[in-house]
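Chemist: Give me a model of this one.
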Amino acid sequence: MTLAKSAMLLIVAEGISQLKWVYFREQSRRLYDMLHFDNASRGPWGAAELMWSVRWHAVIASIGAFITIVALAMDPFTQQVIAYETTDRNVTGVAATFRNARSYDDRLPNSSSGNDIRGDLKMQLNVTAAIFSGISQATQKVAFTCGTGNCTWPIIHTLGVCSSCQNLTGTTKPKCSTPTYTETCNITYNGIFVQASNKESQPGPQWTTSELTLLNISSEYPLSGNDSFNGSLDHILAVLPNADTANVHFPSSINTYSCNLSLCQKSYNSTVVNGTLIETLISTSPLTFPLCGLSGSLSSTGNTWLDPTTQVETCPGFLDSNIPQSLDPTNRIAMLTDPSIFWINAATVQEMRIFIRDLMSNQSTSTTTAGTGAYSVDKSLANMLYYSNSGDYVETMNGIAEALSNNVIRHGPNATWQSGTAQVPTTRLKVIWGWLTLPVGSVVSSVVFLGVVILFSSAGDKRGVVWKSSILATMFHRLEGQDLDKRTLEEMESTAKEVRVRLGEDGEGNLGLLREGGQIAALNGAKDSGIRRRWFRS
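Modeler: Predicted structure coming up:
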């Protein structure tokens, strides 16, 4: 491109210099214009001066000057043609695995009883840890291996826990007692009852105390009967009076939330970039477990889905759109390999429901003693639920659901490793052809410009001059006159702005620069070339 640019500028410079003689051959012009043509052949600044001075009096020369100016951008444009970009290239033979769960069974099998109480204890510890980490937004990251530090996986569908909450504030009216020194409000929703109160002891000299409910949670797992289990783990009704402890009475509206924790399918888009896991939740879908009723302990279906190896009841779960019309337990082995089916241990899930219910049923009250400033709050778990996430109870429940998914299920004993693709960064050369538009267009324009200059130089009389940028032409055909003895550059430029000249033949047939006046009068009747006159105006 450097060679092309140099050749192009040489062509344009010589063309502008040649058009200088054509310009003065047509008619008398300011002698100073010759300086503009000469400067234009030397670089962009002179080209800009030429375009400003002659403007449309020399259209083709102005086009050449414009090409000279545009050539300044050729190098930056050329540099943009080739770009280096870093992309990830798939590699084989490098570990790329991600923790996933298609089933959940946290009870340890025992050959004699089919179950082991140690499984229950392990589940309870895991659930407790998950709830506390979910409240504090310290959810455990899902385990993965990525040998290169950059890995991708297809969309992962895993068994998890989802939270769905309704804000019942304003729609569920509390029933409150007539306040004296104690005001009690009862709220019932979907069969779940919860109470909030504000108690104040009888006024005394300065030792009046008051107890205010900050948060009260009533938790109950729904009975599913013996025919089907809809995946629901726990229904929670929570009230947050949000009352000022200095007030005796509750506000007219008590913040009330109804939340449901349930087993569901979670779909993630997971990648590892520079060793950091980036997991984006795409969607959640509810699950239904047909013929797996959880009514209190094991279902009463006669252990239809009894695992022949562990001797515990396992139940298949389906998306609502994939529930089959009929289920044959004899096809259990074939169903285990179906990627659209999830499996749970019925007893494990039932124990989890009971434990979550007991753990989440909690109340937090604050006690204030007037006159002493003494203030205390009881029940640590309820207090964490009340104060976490700046009081955003819905966000807190979402955190608990995410923690139960990651800490309990996806890291449970039945979790598996899903293979992905390891990638390594690689640099490749990219050609952006669009950036060549200006350089190529400039070169093509210079070639066309050269052809037009040749056409203009050869048009008209047969003695057309082809002097281009030669300094010999100005020496052999110099301007003569008694008032041209100027010694300084300023004097010469001042005179050149006043003197008008034309390239032509004198009375003796000698070619030279003729001053406007006597020398040029004899040439006024000469005919100019039609082509040149259209493009060089007076």
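Chemist: can you map out the helices along the stretch 201-350 of the chain?
Modeler: Taking DSSP state H, counting those that start in this stretch as the criterion, the stretch 201-350 of the chain contains helices spanning 332-336, 346-360.
Chemist: ah, wrong one, I meant the stretch 1-150 of the chain
Modeler: 2-26, 32-40, 44-54, 59-70, 74-81, 117-135.
Chemist: The ones you listed: which one's closest to Thr288?
Modeler: Comparison of the helices of the stretch 1-150 of the chain against Thr288 by C-beta to C-beta identifies helix 117-135 as nearest, at 22.6 Å. For the C-beta atoms, the positions are set from N, CA and C on the backbone; glycine is no exception.
Chemist: Run through the neighbouring helices and strands of the closest one.
Modeler: Contacts defined by 3 or more C-beta pairs under 8 Å, 6 or more residues apart in numbering; DSSP states H and E place helix 117-135 against helix 346-360, helix 380-387, helix 393-403.
Chemist: Just name the most buried of the ones you listed.
Modeler: Compared across the helices and strands packed on helix 117-135, helix 393-403 shows the largest average neighbour count, a mean of 22 (mean count of other C-beta atoms under 10 Å).
Chemist: what's near enough to touch Leu503?
Modeler: For Leu503, the contact set (C-beta atoms under 8 Å, 6 or more residues apart in numbering) comprises Trp21, Phe24, Arg25, Val465, His477, Leu511, Gly512, Leu513, Leu514.
Chemist: Can you say which of the helices of the stretch 201-350 of the chain is nearest to Gln423?
Modeler: Closest to Gln423 of those is helix 332-336 (C-beta to C-beta; 32.0 Å).
Chemist: how close does the residue nearest the centre of the chain sit to Ile156?
Modeler: Centroid check for the chain by C-alpha atoms, centre = their mean gives Thr280 as the closest residue, at 12.8 Å. For Thr280, the distance to Ile156 (C-beta to C-beta, to the nearest Å) stands at 11 Å.
Chemist: what residues are shared contacts of those two?
Modeler: Jointly contacting Thr280 and Ile156 under the rule C-beta under 8 Å, 6+ apart are Tyr268, Asn269, Ser270.
Chemist: Looking at these, which are in strands?
Modeler: Among the shared contacts of Thr280 and Ile156, DSSP state E puts Tyr268, Asn269, Ser270 in strands.
Chemist: For the last one, name its beta-bridge partners.
Modeler: The residues listed as beta-bridge partners of Ser270 by DSSP bridges are Glu279.
Chemist: Could you dump the helices of the stretch 1-150 of the chain into CSV and include mean pLDDT, distance to Val239 and mean neighbour count?
Modeler: Converted to CSV, the helices of the stretch 1-150 of the chain look like this (pLDDT from 0 to 100; distance: least, C-beta to C-beta, whole Å; neighbours: other C-beta atoms under 10 Å):
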stretch, mean pLDDT, distance to Val239, mean neighbour count
helix 2-26, 87, 78, 21
helix 32-40, 87, 86, 22
helix 44-54, 89, 78, 19
helix 59-70, 91, 74, 22
helix 74-81, 90, 63, 15
helix 117-135, 79, 18, 18
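Chemist: just flag whichever of the helices and strands packed on helix 117-135 has the lowest average confidence.
Modeler: Looking at the helices and strands packed on helix 117-135, the lowest mean pLDDT belongs to helix 380-387 (a mean of 72).
Chemist: Columns distance to Gly64 on top of the helices and strands packed on helix 117-135, output as TSV?
Modeler: Converted to TSV, those look like this (distance: least, C-beta to C-beta, whole Å):
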stretch	distance to Gly64
helix 346-360	84
helix 380-387	78
helix 393-403	69
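Chemist: Can you check which of those gets nearest to Thr152?
Modeler: helix 393-403 (21.9 Å).
Chemist: So in that sheet, which strands flank the next helix or strand after the closest one, and in what orientation?
Modeler: Next along the chain after helix 393-403, taking DSSP states H and E as the criterion, comes strand 416-419. Paired strands of strand 416-419, with direction, are strand 96-100 (antiparallel) (DSSP bridges).
Chemist: Can you name the residues in contact with the partner strand?
Modeler: 142-148, 151-153, 156, 158, 270, 410-411, 415-422.
Chemist: one more time with 10 Å
Modeler: Residues from elsewhere that reach strand 96-100 (C-beta atoms under 10 Å, 6 or more residues apart in numbering): 90, 141-148, 150-154, 156-159, 268, 270-272, 277, 279, 406, 409-412, 415-423.
Chemist: Just checking the distance from it to the centre of its chain.
Modeler: Counting by C-alpha atoms, centre = their mean, to the nearest Å, strand 96-100 is centred 25 Å from the centre of its parent chain.
Chemist: Using PDB, write down the CA coordinates of that strand.
Modeler: Provided in PDB are the C-alpha atoms of strand 96-100 (Å, rounded to 0.1, in the frame of the first residue of the first chain):
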ATOM      1  CA  ALA A  96     -14.400 -29.900  31.400                       C
ATOM      2  CA  THR A  97     -17.100 -31.100  33.800                       C
ATOM      3  CA  PHE A  98     -19.900 -29.500  35.700                       C
ATOM      4  CA  ARG A  99     -21.900 -30.600  38.700                       C
ATOM      5  CA  ASN A 100     -25.500 -31.600  37.800                       C
END
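Chemist: Tell me the buried residues in it?
Modeler: For strand 96-100, burial by neighbour count (16 or more other C-beta atoms under 10 Å) applies to Ala96, Thr97, Phe98, Arg99, Asn100.
Chemist: for the contacts of Leu503, which one is nearest Val443?
Modeler: Trp21 (25.2 Å).
Chemist: Okay, that closest one and Lys497: tell me how far apart.
Modeler: Separation of Trp21 from Lys497 (C-beta to C-beta): 20 Å.
Chemist: Output the below-cut-off pLDDT ranges for the stretch 51-200 of the chain.
Modeler: Residue ranges of the stretch 51-200 of the chain with pLDDT under 70: 107-119, 178-182, 198-200.
Chemist: Gly93: neighbour count?
Modeler: When neighbours are counted by other C-beta atoms under 10 Å, Gly93 registers 6.
Chemist: Please look at it and Thr421 and confirm they touch.
Modeler: No: under the criterion of C-beta atoms under 10 Å, Gly93 makes no contact with Thr421, lying 11.6 Å away.
Chemist: thinking again about what came up before, as JSON lines, the shared contacts of Thr280 and Ile156 with pLDDT would be great.
Modeler: Below are the shared contacts of Thr280 and Ile156 laid out as JSON lines (pLDDT from 0 to 100):
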{"residue": "Tyr268", "pLDDT": "94"}
{"residue": "Asn269", "pLDDT": "94"}
{"residue": "Ser270", "pLDDT": "93"}
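Chemist: any idea which of those residues has the most stuff around it?
Modeler: Among the shared contacts of Thr280 and Ile156, Ser270 has the most neighbours (other C-beta under 10 Å), with 22 neighbours.
Chemist: Cool, thanks, signing off.
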